[in-house]
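A.B. asks: Coordinates for the following, if possible.
(2 chains)
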Amino acid sequence: MRASDLLHPRPEGLYCPPGDFYIDPVRAVDRALITHGHSDHARPGHAKVLATQQTLDIMAIRCGPGFAGTTQAMAFGEKLQLGDVRISFHPAGHVLGSAQIAVEHNGLRIVASGDYKRSADPTCAPFEVVPCDVFISEATFALPVFRHPDAAVEIARLLKSVHQFPERAHLVGAYALGKAQRVMRLLRDQGYDKPIYIHGAISRLSDYYESQGVALGDLQPATVEDGDKRDFAGAIIVAPSSSFADRWARRFPDPLACFASGWMRIRQRAKQGGVELPLIISDHSDWDELTKTIRDTGAGEVWVTHGREEALVRWCELNGIVARPLHLVGYEDEGD
Amino acid sequence: MNRFAELLDRLVLTPSRNGKLKLITDYFREVEDPDRGLALAALTGDLNIASVKPAMLRQLVAERMDPVLFGYSYDYVGDLAETVSLVWPETPGSRPNHDITLAEVVEKLQSASRSDGPAVLARLLDQSGVSARFAIIKLVTGGLRIGVSARLAKQALADLGKVEVSEIEELWHGLSAPYAELFAWLEGHAPKPEKAAKALFRPVMLSNPVGDGDLEKLAPADYAAEWKWDGIRVQAVSESGIRRLYSRTGDDVSGAFPDVVAAMNFDAALDGELLVGLPAEATGTFSDLQQRLNRKTVSTKMQAQYPAFVRCYDLLQIYGEDVRALPFTARRKRLEAFIATLDPGRFDLSPLVRFDDWAALEEMRRAPPHPIIEGVMLKRLDSPYLAGRPKGPWFKWKRDPHTVDAVLMYAQRGHGKRSSFYSDYTFGVWSGAEGAEELVPVGKAYFGFTDEELKQIDKYVRDNTIERFGPVRSVRADRNNGLVLEVAFEGLNRSTRHKSGVAMRFPRISRLRWDKPSAEADRIETLRALLD
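C.D. replies: Numbers count the residues shown, from 1 in each chain, chains lettered A, B, ... in the order given. Below is the predicted model:
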């Protein structure tokens, strides 16, 4: 069997004929294997869903308890036979519960890695290298210009700015699932013990992270009851960046817009978004992590999806690895 | 180096002036000598480092990475310095165990010869992290472009030492990088540096544009008016045999104007407009003046063809006496007497314009007697000469810009945040005989429109493309089809490089004329009539 007979793109998503399932389908299907809880990968409406328990919990929080007909939780490393195919889930290091999915048939192993990163993250299990014949890699930051610095250094810059501008409120834009909790955990790791104020959109997921053993410290809703603006002077507020343009942000004194994202590596992206303090913190692999991971898996063939496919394909060619873009549609860079 | 790099990164993204000042003063407070002084010199443009051309940077990168991957990267980022700083390969072990300092970087770059410059740069990039690489490349390619003026940097110094910024500006030309004695004074460890040097720059007095309703509040009798000459502002200072010609930002431009400097056989500081021509007979245009600008040296032929002179309008010091505190009328009186003693081929007096009321002055402003007059200046009779741009004593009232209706011919994709928009427009006007008209390009503009208008033009370009050449699209433009742009510009120069024979100064899109048929756009003769 050729690899493309084991897994190939269909309009619904990546399909496995011998196992009759889809991985991260973008439309409702009969059986879906979900890598992680970001909404472009985890959509409601499938009849049967297989995912890690944490991903299932997150889907229930985000889409409501009836998000699928039936669900089945997979532990990391556990193997399951679906038709002629054996599948297993392995940590991807992207967000809490995120997994790579290995698909095996007659000695041919394909790993669909979903979104992944290699750098340390105190809020989720670290990426595990799964040797394979074909590795399916994301390409969100697949350009040599993307090199993420140590996240701790970025958090230190935030704390320095809070110290420098004590009269202003530091508004940190961060995606509600994963990034927000990682930023807060990293702040605690550097000894920041004041309350962190959060936007309503991230409170339930933060509670869930707490319940899974990720201590986030004192989180307070960023609301003003009878108090006044000055209550937020010197404070750190974590919120989805989309909320900055809302009237919601007017409650803060001279807010200083920060944004925690891998995109912040490019100065124009920061400038365009009106970001004053870019924090280059990403839950996706940078260029060096992507190329290292491809080497680590030992894969002879790489399929590249969502992002800058052409650059990663070019790198593979230069390094004697067969590569092609998958042209899956429907994935954005949500979560970064 | 990392602290300097971090400062640059923050300054670029901090819009507020106070925020920038805070960042710079904090940097001066935290960083030791000589790094902070070198950073100051970099901000004020006083750091001399042999420059590296963009082509050399590309060459260095081409030796180190796949050109296709570099191409993807540069296309995405849109800025060469930034792209190179990001993609520069990091080899394990090439970084020293301490962070390289700004002083080390400057020392290595300054001592590099022309031939080993690229190798020295490459080695520095090998030894640095990503943001330090960006800062180093900015230093060697010249122009930090971080939205910080020399004056703002001096204001930060003033804030650091809690002194007036004019105190810093007056001292400035007697000091040099790394400014250790300046910082020592500002931090209270040492006395104020002596003004030992002669012929120092005096901070200039600047004017505010006349805004709506400003004139109604002013009494014409309180003000003197002068023509606003379209040259460059200079300060000619001669003291104890030292002669300096400064630009309005305090740059020493003496080297480009030996003819003027040779005639500065006086003891005074004069404020005026540098122009070319023969004062009594003819005043040259701005494009004539441009022949003389931005040169380190100038040939005798050039000096003969475009002789330079200063049209004086203020007197700051004379025979060792500082007269800046005197009212305008008193300074003017002494200036008039003094100019009469100078070489009339190199120095003349900017005449006063008599007027009774604002309406009369407005008429003269609209129809000035000489093509290189770009408006009028208003100066309060009782005002002392003050550093900076105080609101009230001086106003500039410029001529309205010229406008022309032109047809969009080509559109080019922008860079960076405009990389997905066709945002640079080449436009033309009609030429040729009736029935055989064709468009001839007359200029290019990439601002003046709103974000919303940019979207509309971008859509128009995409819907009306007839040909593509790389990032450029040729847009349908004939007698029946085409988008008419109203283009505003400050002046027109003759040009041998353009087919049309004209080059616009400061062109920008002032209005989109969706309503106007392309055949009714202007003709080239309209523009040529504007040439003197």
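A.B. asks: What confidence value was assigned to residue A:336?
C.D. replies: Looking at residue A:336, its pLDDT reads 63.
A.B. asks: which residues sit in contact with residue 136?
C.D. replies: No chain in the question, so chain A it is. Counting by C-beta atoms under 8 Å, 6 or more residues apart in numbering or on different chains, residue A:136 touches A:7, A:14, A:110, A:111, A:112, A:113, A:302, A:303, A:304, A:305, A:326. All C-beta atoms are positioned from the backbone trio N, CA, C, and that covers glycine.
A.B. asks: switch to chain B, that's the one I care about
C.D. replies: Shown in contact with residue B:136 (C-beta under 8 Å, 6+ apart): B:1, B:85, B:105, B:121, B:124, B:125, B:128.
A.B. asks: Next one: the fifth one relative to chain A, how far apart?
C.D. replies: Residue B:124 sits 18 Å away from chain A, taking C-beta to the nearest C-beta, to the nearest Å as the criterion.
A.B. asks: What of the second one?
C.D. replies: With distances taken as C-beta to the nearest C-beta, residue B:85 is found 9 Å from chain A.
A.B. asks: any idea how far the nearest residue to residue A:24 once chain neighbours are set aside lies from chain B?
C.D. replies: Excluding the flanking residues, the one nearest residue A:24 by C-beta to C-beta, 6 or more residues apart in numbering or on different chains is residue A:41, at 4.3 Å. Look at residue A:41 and chain B: by C-beta to the nearest C-beta, they are 24 Å apart.
A.B. asks: What pLDDT does the model give residue A:41?
C.D. replies: For residue A:41, pLDDT reads 94.
A.B. asks: How about residue A:250?
C.D. replies: 62.
A.B. asks: With residue B:532 instead?
C.D. replies: Each residue has a pLDDT score; the one for residue B:532 is 58.
A.B. asks: With chain A as the reference, measure out to the closest residue to residue B:478 other than its chain neighbours.
C.D. replies: Spatially, and ignoring its direct neighbours in sequence, residue B:478 is nearest to residue B:518 (7.0 Å; C-beta to C-beta, 6+ apart). From residue B:518 over to chain A the distance is 33 Å, taken as C-beta to the nearest C-beta.
A.B. asks: isn't residue B:518 right up against residue B:405?
C.D. replies: No: using C-beta atoms under 8 Å, residue B:518 is not in contact with residue B:405; the gap is 9.4 Å.
A.B. asks: Between the two, tell me which one has more neighbours.
C.D. replies: residue B:518 (21 against 18; other C-beta atoms under 10 Å in any protein chain shown).
A.B. asks: Phi and psi next, for that one.
C.D. replies: As for residue B:518, its main-chain torsions (degrees, to the nearest 10) stand at phi -60, psi -30.
A.B. asks: Tell me where chain A is predicted with low confidence.
C.D. replies: A:224-230, A:245-247, A:250, A:329-336 (pLDDT under 70).
A.B. asks: residues from it in reach of chain B?
C.D. replies: A:143-147, A:149, A:157, A:164-165, A:265-272, A:275-278, A:308, A:310-311, A:314-315, A:318 (C-beta under 8 Å from any C-beta of the partner chain).
A.B. asks: now these: which count as buried?
C.D. replies: Buried subset of those (neighbour count, 16 or more other C-beta atoms under 10 Å in any protein chain shown): A:143-147, A:149, A:157, A:165, A:265-271, A:275-278, A:308, A:310-311, A:314-315.
A.B. asks: Now, the residues you listed that are in strands?
C.D. replies: Residues of those located in strands (DSSP state E): A:277, A:278.
A.B. asks: Spell out which residues of chain B are next to chain A.
C.D. replies: B:6, B:9-10, B:12-15, B:19, B:22-23, B:26, B:65-66, B:68-70, B:72-73, B:76-79, B:82-83, B:86-87, B:130, B:416-417.
A.B. asks: Now the buried members of these.
C.D. replies: B:6, B:9-10, B:12-14, B:19, B:22-23, B:26, B:66, B:69-70, B:72-73, B:76-79, B:82-83, B:86-87, B:130, B:416-417.
A.B. asks: How about the residue in chain B that sits furthest from its center?
C.D. replies: What lies farthest from the middle of chain B is residue B:435; by C-alpha atoms, centre = their mean that is 43.9 Å.
A.B. asks: what about that residue, which SS state?
C.D. replies: Assigned by DSSP: H, G, I helix; E, B strand; the rest coil, the conformation of residue B:435 is coil.
A.B. asks: That one and residue B:409, how far apart?
C.D. replies: The gap separating residue B:435 from residue B:409 is 20 Å, by C-beta to C-beta, to the nearest Å.
A.B. asks: quick one: low-confidence parts of chain B?
C.D. replies: Applying pLDDT under 70 to chain B flags the ranges B:94, B:96, B:196, B:415-420, B:470, B:532.
A.B. asks: if you set the cut-off to 50 instead, what comes out?
C.D. replies: Applying pLDDT under 50 to chain B flags residues B:416.
A.B. asks: Contact partners for the closest residue to residue A:114 other than its chain neighbours?
C.D. replies: Take residue A:114 and drop its neighbours on the chain: the residue closest to it by C-beta to C-beta, 6+ apart is residue A:35, 2.9 Å away. By C-beta under 8 Å, 6+ apart, the residues touching residue A:35 are A:23-24, A:41, A:51, A:55, A:92, A:98-101, A:112-115.
A.B. asks: Using the three-state scheme, assign residue A:35.
C.D. replies: coil.
A.B. asks: Next, it: phi, psi?
C.D. replies: The phi/psi pair for residue A:35 (degrees, to the nearest 10) is phi -80, psi -40.
A.B. asks: Which ones among the contacts of residue A:136 lie within strands?
C.D. replies: For those, the ones inside strands are A:14, A:110, A:111, A:112, A:302, A:303, A:304, A:305, with DSSP E as the criterion.
A.B. asks: which helix is the longest one in chain A?
C.D. replies: Longest helix of chain A, by residue count under DSSP state H: helix A:151-164.
A.B. asks: Tell me the helix or strand right after that one.
C.D. replies: Downstream of helix A:151-164, the first helix or strand assigned by DSSP states H and E is strand A:170-173.
A.B. asks: and the next element down the chain from that following strand?
C.D. replies: Later in the chain than strand A:170-173, the nearest helix or strand by DSSP H and E is helix A:179-189.
A.B. asks: Give the buried residues for that following helix.
C.D. replies: The neighbour-count check on helix A:179-189 (16+ other C-beta under 10 Å) flags A:179, A:180, A:181, A:182, A:183, A:184, A:185, A:186, A:187, A:188 as buried.
A.B. asks: Also stretch B:359-367?
C.D. replies: Residues of stretch B:359-367 classed as buried: B:361, B:364, B:365 (neighbour count, 16+ other C-beta under 10 Å).
A.B. asks: My guess is the first one contacts residue B:224. True?
C.D. replies: In this case it means residue B:361. No: in this structure residue B:361 lies outside contact range of residue B:224 using C-beta under 8 Å: 11.1 Å.
A.B. asks: element containing the most centrally placed residue in chain B?
C.D. replies: Closest to where the C-alpha atoms of chain B average out (C-alpha atoms, centre = their mean) is residue B:249, at 9.6 Å. Using DSSP H and E, residue B:249 maps to neither a helix nor a strand.
A.B. asks: next one: residue B:427
C.D. replies: strand B:422-431.
A.B. asks: what helices or strands is that strand leaning on?
C.D. replies: Packed against strand B:422-431 by the contact rule (3 or more C-beta pairs under 8 Å, 6 or more residues apart in numbering or on different chains; DSSP states H and E) you find strand B:402-413, strand B:438-445, helix B:451-463, strand B:484-489, helix B:524-528.
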